[in-house]
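**Student:** no FASTA, just this:
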């Protein structure tokens, strides 16, 4: 259990093609974009009818947790990064519902993170925060996560030591692993897929194909995935 969080998130959003161009928060000008980063809303839907689905980092994690059977709030409006952590400290909500992995352990290369763990990132200057769903380790041991970023929409990212996500603009301050007590199997939309014959392997093959498109350099030898 836990890997279902990644499965649910990826089933819902897959890979984006960049954020909507020429809006605050967007760092790319991509006419083929399918998403806008937290503009009119955070539901994952196109609520303002402009052709772009609205999603940010915490709303993607909320949807992934909800669809994989975890008892998060019914409304995404009540779920932000600060629901989970503030700076380097996890919240009471997280203490109750998740096991906490320290920042020291979470940023290790070839570490012990498991697919579906929620990675926590803090800006090194200011109070910016980010979350993503751990997927696996690259051949060099760097953590790979799935999340939505302002410049990409839903996508994979790699937290190499001393890179943008790990020591550059952001630092990894920990990770969260959902507790069994937080889980309701009756609400888990991934059960049929993961319990079907070859379901997990077929899903992982699809993800590997997408991942190869995203980066041929680290498309092989993923570990800790489905």
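**Tutor:** Done, it's in. The shown structure was predicted, so the numbers you read here are calculated from the model rather than taken from an experiment.
**Student:** in this protein, which spans are helices?
**Tutor:** 3-13, 57-67, 81-84, 92-97, 103-106, 191-195, 199-214 (DSSP state H).
**Student:** can you lay out those as a markdown table showing mean neighbour count, distance to residue 163 and mean pLDDT?
**Tutor:** For glycine as for every other residue, the C-beta is placed from the backbone atoms N, C-alpha and C. Listed next are the helices of the chain as a markdown table, based on neighbours: other C-beta atoms under 10 Å; distance: least, C-beta to C-beta, whole Å; pLDDT from 0 to 100:
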| stretch | mean neighbour count | distance to residue 163 | mean pLDDT |
| --- | --- | --- | --- |
| helix 3-13 | 24 | 21 | 89 |
| helix 57-67 | 24 | 17 | 94 |
| helix 81-84 | 17 | 20 | 97 |
| helix 92-97 | 14 | 25 | 98 |
| helix 103-106 | 17 | 15 | 96 |
| helix 191-195 | 13 | 32 | 80 |
| helix 199-214 | 15 | 16 | 73 |
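**Student:** show me the shaky parts of this structure.
**Tutor:** For the chain, the stretches flagged by pLDDT under 70 are 1, 17-33, 38-40, 213-226.
**Student:** list the buried ones in stretch 169-180?
**Tutor:** By neighbour count on 16 or more other C-beta atoms under 10 Å, the buried set for stretch 169-180 is 170-178.
**Student:** next one: that stretch to chain centre, how far?
**Tutor:** 11 Å (C-alpha atoms, centre = their mean, to the nearest Å).
**Student:** can you list the neighbours in contact with it?
**Tutor:** For stretch 169-180, the external contacting residues (C-beta atoms under 8 Å, 6 or more residues apart in numbering) are 1-2, 5, 65, 70, 84-85, 87-88, 90, 94, 97-103, 105-107, 113-114, 116-124, 128, 130, 134, 143, 159, 164-166.
**Student:** of those, buried ones?
**Tutor:** 1-2, 5, 65, 70, 84-85, 90, 94, 97-98, 100-101, 103, 106-107, 113-114, 116-122, 130, 134, 143, 159, 165-166.
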